[in-house]
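>>> here you go, sequence then predicted model.
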Amino acid sequence: MSRLQIPNPLRLSILWVGYLLARFGLVDRERAKRTTDLAWPRIVTGLARMSKNAVDVAMVGIAVGPAAIAGVGFAGPFWGLAFAFGGGVAGGTIALVSQRYGAEAYDELGNAVRSSVLLVLVVTLPVAVVMATIPGFFISIITDSEAILREGSAYLQVVAFGIPFAGLNLIGSRTFVGMDDAWTPMVIRASGAVVNIVLSAILIFGLGMGVVGAALGTVLANVAVALLFITGLIAGGLPLMGRFPTAIDPMGSYVNREMIHSLIEIGLPVLGTSLVWTLAEVPLLSIVDLFGEDISAAYVIARRIAALMNVPGWGFGLAASSLVGQQLGAGDESLAETYGREIIRHSVAVYVFGAAAVFIFAEPIVSLFLSEPPDATFDAAVAFVRVASVAIIFQGLSGSAAGALNAAGDTRWPFYSQALGMFGLAIPVAYIGAVTPLGVVGIYLAFFAETSVPSAINYHRFSTGKWKAISREYRPDTSLAD
């Protein structure tokens, strides 16, 4: 039995959904299985990482109170820059790696990884320095609450040191997924998330460090994960994990103009897509802050739960990037499109089941974040979670369609769609709610705006098939086509 076939409830659940779709002729059973085998390890990674974030919020909420919850949440967009910049470079990494892996061009694959490492350090190190130096400035953009400002600044000042390591971890993860290996990054990053939770618990409760303990636990865990990725890629394997698809020579060239140009060209729109969400969080949180501390804490709790609901998109998006990219690299554009369509269907179905469960159990889930929940915070959080559980279904379509487009290097449309959804609709309707009798209904509508608009645009772009022609510009052999 291969390591990707080890039975587990999550894999079996995702596979069951795929087989259910296959009975109705919506997907092919074997392709559903291959998609599941690539997606579920990444979903486990996402669950571990997002659970870590949710647990951090729960622990500081229990130890300190609503101000700490809001402070950590308000620091989130700035810590998220690590994943915006790192994810932008990594978006180019998985496209270049998957196509070269599909074409068996392993020397070029190594060049792509080394260039990615150089580029991600160049863009994340300055961000880390700025965030660590003037954390209070960034939190003050969102709120003037003294308590929230104090907690958020303390958290951001420490967690900023983890930004370059988080960027490197994204490069490592995308490299393995592009080589058809989702197991390795799952084990490494999920283990890091568990270590993070343990460290944070010790630092927050054992040493009484509050939000600083949560931030320090995050930094140390990201350093450990980065070291494992680096060691494994150089050695071509890790103890107890077997050999990897290929090893990366650390002594090769890091400055490959062609690779860096492709990484920037593909990655800039991916970066833009991530930055849209990261930067849009700032005005959104500022608007939420107008409703007061209870609503702010409730919103942060709902965001953490929504992030957990959205992790299937991590798996299906990367499965689409890998499988579609491999078929494009092999010159089979028809099969690439088939994979893309079936992964989208599979993803949406999984989201529907997950969203239904969260909607039903919203109250006990929210109760985990508040030891003695104030009525206002608890009730608002439950309402936000139920709205988010319906709105998140659109992400099942948006993320998987974007993954297929990213595989081809057609990364601009996901950027356009996210920008329109956030700045064109979500922020305006949330603000209208804050300054009119519409109230929190404006925030409810913002949840739907930020998910439904990108899903419609990304799927439309995928359905045009134009991404197949764009992919020919980035393949190892551009003569391959239908």
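Now that the structure is in, tell me what you want to look at.
>>> contact partners for Phe448?
Val387, Val390, Ala391, Phe394 (Cβ atoms under 8 Å, 6 or more residues apart in numbering). Any C-beta I mention is one placed from the backbone N, CA and C, and that applies to glycine too.
>>> following the helix or strand the second one falls within, which helix or strand comes up?
Taking DSSP states H and E as the criterion, Val390 maps to helix 375-391. Proceeding N to C from helix 375-391, the next assigned helix or strand is helix 393-408, under DSSP H and E.
>>> what about Ile163, which SS state?
The three-state label given to Ile163 by DSSP: H, G, I helix; E, B strand; the rest coil is helix.
>>> what's the burial count for it?
Applying other Cβ atoms under 10 Å, we find 28 residues neighbouring Ile163.
>>> out of the contacts of Phe448, who's nearest Phe205?
The closest of those to Phe205 turns out to be Val387 (Cβ to Cβ; 32.2 Å).
>>> low-confidence stretches in this structure?
Residue ranges of the chain with pLDDT under 70: 1-7, 49, 102-107, 240-247, 371-375, 475-482.
>>> quick check, central residue of the chain?
Most central residue of the chain, judged by C-alpha distance to the mean C-alpha position with Cα atoms, centre = their mean, is Trp314 at 5.9 Å.
>>> helices of the stretch 351-482 of the chain, start to end?
With DSSP state H, counting those that start in this stretch as the criterion, the stretch 351-482 of the chain has helices at 362-367, 375-391, 393-408, 412-419, 427-435, 441-464, 466-471.
>>> out of those, which is the most enclosed?
Each of these was scored by mean neighbour count; the highest is helix 393-408, a mean of 29, by mean count of other Cβ atoms under 10 Å.
>>> which element, helix or strand, includes the residue nearest to the centre of the chain?
helix 311-329.
>>> quick one: Gly315 from Leu118, how far?
28 Å (Cβ to Cβ, to the nearest Å).
>>> brain fart, Val311
29 Å.
>>> who's more crowded, these two?
Val311 (20 against 17).
>>> quick one: that one and Gly46 touch, right?
Yes - with contact defined as Cβ atoms under 8 Å, Val311 reaches Gly46; the gap is 3.2 Å.
>>> closest one to Ile14 among the helices of the stretch 351-482 of the chain?
The nearest among the helices of the stretch 351-482 of the chain, by Cβ to Cβ, is helix 393-408 at 12.2 Å.
>>> what is the neighbour count of Ala356?
Neighbours of Ala356 using other Cβ under 10 Å come to 13.
>>> for the nearest residue to it once chain neighbours are set aside, give me its contacts.
Spatial nearest neighbour of Ala356, excluding adjacent residues (Cβ to Cβ, 6 or more residues apart in numbering): Ser389 at 7.7 Å. Shown in contact with Ser389 (Cβ under 8 Å, 6+ apart): Ala306, Met309, Ala355, Ala356, Val358, Phe359, Ala362.
>>> still on that earlier bit, how about the helix holding Val390 as PDB, C-alpha atoms only?
Presented in PDB, the C-alpha positions along helix 375-391 are these (Å, rounded to 0.1, in the frame of the first residue of the first chain):
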ATOM      1  CA  ASP A 375     -24.400  37.300  25.200                       C
ATOM      2  CA  ALA A 376     -23.600  40.000  22.600                       C
ATOM      3  CA  THR A 377     -20.300  38.400  21.500                       C
ATOM      4  CA  PHE A 378     -21.700  34.900  21.500                       C
ATOM      5  CA  ASP A 379     -24.900  35.600  19.600                       C
ATOM      6  CA  ALA A 380     -23.100  37.800  17.000                       C
ATOM      7  CA  ALA A 381     -20.500  35.100  16.400                       C
ATOM      8  CA  VAL A 382     -23.100  32.400  15.900                       C
ATOM      9  CA  ALA A 383     -24.900  34.600  13.400                       C
ATOM     10  CA  PHE A 384     -21.700  35.400  11.500                       C
ATOM     11  CA  VAL A 385     -20.700  31.700  11.400                       C
ATOM     12  CA  ARG A 386     -24.000  30.600   9.900                       C
ATOM     13  CA  VAL A 387     -23.900  33.300   7.300                       C
ATOM     14  CA  ALA A 388     -20.300  32.400   6.500                       C
ATOM     15  CA  SER A 389     -21.100  28.700   6.200                       C
ATOM     16  CA  VAL A 390     -23.500  29.500   3.300                       C
ATOM     17  CA  ALA A 391     -21.300  32.000   1.600                       C
END
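>>> quick one: that helix to helix 441-464, angle?
Note on geometry: by axes from the mean of the first three to the mean of the last three Cα atoms, to 10 degrees, helix 375-391 and helix 441-464 are set 20 degrees apart in direction.
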